[in-house]
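*Asks:* make a model of this:
(one chain, ligands or ions: 1)
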Amino acid sequence: MNRMEMDRQLLAGKVAVVTGAASGIGAAVVERFLAEGAHVIAVDLAEPDGATPPGVLPLAGDVAEAETWTRVADLARAEFGHLDVLHSNASVNITAPAHELAEADWNRQIAVNLTATYLGVRACAGLLGEGFPERGPGAVVLSSSVHAIAGLPGHPAYAAAKGGLISLGRQLAVEYGPRVRVNTVLPGPILTPAWDGVNEEDRRRSAAATAAGRFGRPEEVAAAVLFLASAESSYVTGTSLLVDGGWSATKDSA
Ligand SMILES: NC(=O)c1ccc[n+]([C@@H]2O[C@H](COP(=O)([O-])OP(=O)(O)OC[C@H]3O[C@@H](n4cnc5c(N)ncnc54)[C@H](O)[C@@H]3O)[C@@H](O)[C@H]2O)c1
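*Replies:* Got it, this is the predicted structure:
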């Protein structure tokens, strides 16, 4: 890669943490961040099987545990001395109506899908945007969902956590601005391993319910995350971006 190409990279020399990095949207974000010149601390439950590409520091841990975030912050501090981007993306989705959902499954979904973001920001707040304003502001990007804005049967805890992320993102933007920008993406149906257990008919219905008429690809969400993580969105904070192929727009047009 020549000098001009490196200059065009949107995250050249930046340091990012991505959670849920081993699969789907998180994996696509890691790949895109690397291509844009970032170093990535890639957090997931298990260590990856194969070799990790240059630029990636894998960290195995449960994002719902404060201890994992202590290790993330320690690694970022030791290796780089600061952090530019935190993409809080790991999630778990246990489907059942509220009256059938075990309390442990409610608690687990709130812990992984919502509390983990608080734990991550708590551990990393001092590192994010370190050196501002000489260095640019830090950027936090949260992975919410269209479940935050529309009720769909069988997802009480998932939806509550995803809705909470929108409010939390807004709160954090106000709390930590101007040193850190905080934004949230709301993906619609994106074809990832999260859909492995869903039958063909339900998949077809979900894709058909979008204006785009198809599933989204993980790379299409990664592009939106990159926008919110980079200086391309320098005046964007405290907001949410739907990346849903118009799924929510079709709900408004009935
Ligand atoms: N795929 C979709 O249709 C869709 C739609 C809306 C929102 N989202 C959101 O996008 C994000 C990514 O979804 P995806 O489809 O890529 O999911 P995925 O299931 O493909 O990947 C999720 C990853 O998170 C990891 N993970 C789960 N619990 C963890 C924990 N406690 N600690 C660390 N890592 C953990 C898993 O091991 C997995 O690698 C999630 O926040 C999800 O809610 C996805």
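
*Asks:* and the closest residue in space to Leu128 that isn't next to it in sequence, its phi and psi?
*Replies:* In this structure, Leu128 finds its nearest non-sequential neighbour in Gly138, 3.3 Å apart by C-beta to C-beta, 6 or more residues apart in numbering. (Each C-beta comes from the backbone N, C-alpha and C, glycine too.) With angles defined as degrees, to the nearest 10, Gly138 sits at phi -70, psi 160.

*Asks:* what do you get for Leu83?
*Replies:* Residue torsions, per degrees, to the nearest 10, at Leu83 are phi -140, psi 140.

*Asks:* and the closest residue to it other than its chain neighbours, how many neighbours?
*Replies:* Residue nearest to Leu83 in three dimensions, not counting chain neighbours: Leu127, with 4.0 Å by C-beta to C-beta, 6+ apart. Around Leu127 there are 20 other residues, counting by other C-beta atoms under 10 Å.

*Asks:* next one: Val85
*Replies:* By other C-beta under 10 Å, 26 other residues sit near Val85.

*Asks:* quick check: beta-bridge partners of it?
*Replies:* Here Val85 sits in beta bridges with Ala16, Ala139, going by DSSP bridges.

*Asks:* you'd agree it is up against Val17?
*Replies:* Yes - in this structure Val85 lies within contact range of Val17 using C-beta atoms under 8 Å: 7.0 Å.

*Asks:* re the thing from before, spit out the contact partners of the residue nearest to Leu83.
*Replies:* By C-beta atoms under 8 Å, 6 or more residues apart in numbering, the residues touching Leu127 are Ala73, Ala76, Arg77, His82, Leu83, Gly138.

*Asks:* check what pLDDT the fifth one gets.
*Replies:* So that's Leu83. The score at Leu83 is 98. That number is its pLDDT.

*Asks:* how close does it get to Thr237?
*Replies:* Relative to Thr237, Leu83 is positioned 17 Å away (C-beta to C-beta, to the nearest Å).

*Asks:* up against the ligand, what does the stretch 1-150 of the chain have?
*Replies:* Residues of the stretch 1-150 of the chain lying near the ligand by C-beta under 6 Å from any ligand atom: 19-20, 22-26, 43-45, 62-64, 89-92, 112, 143, 145.

*Asks:* give me that answer again for 8 Å
*Replies:* Residues of the stretch 1-150 of the chain that fall close to the ligand, judged by C-beta under 8 Å from any ligand atom: 19-28, 43-46, 61-65, 68, 89-93, 111-113, 116, 143-147.
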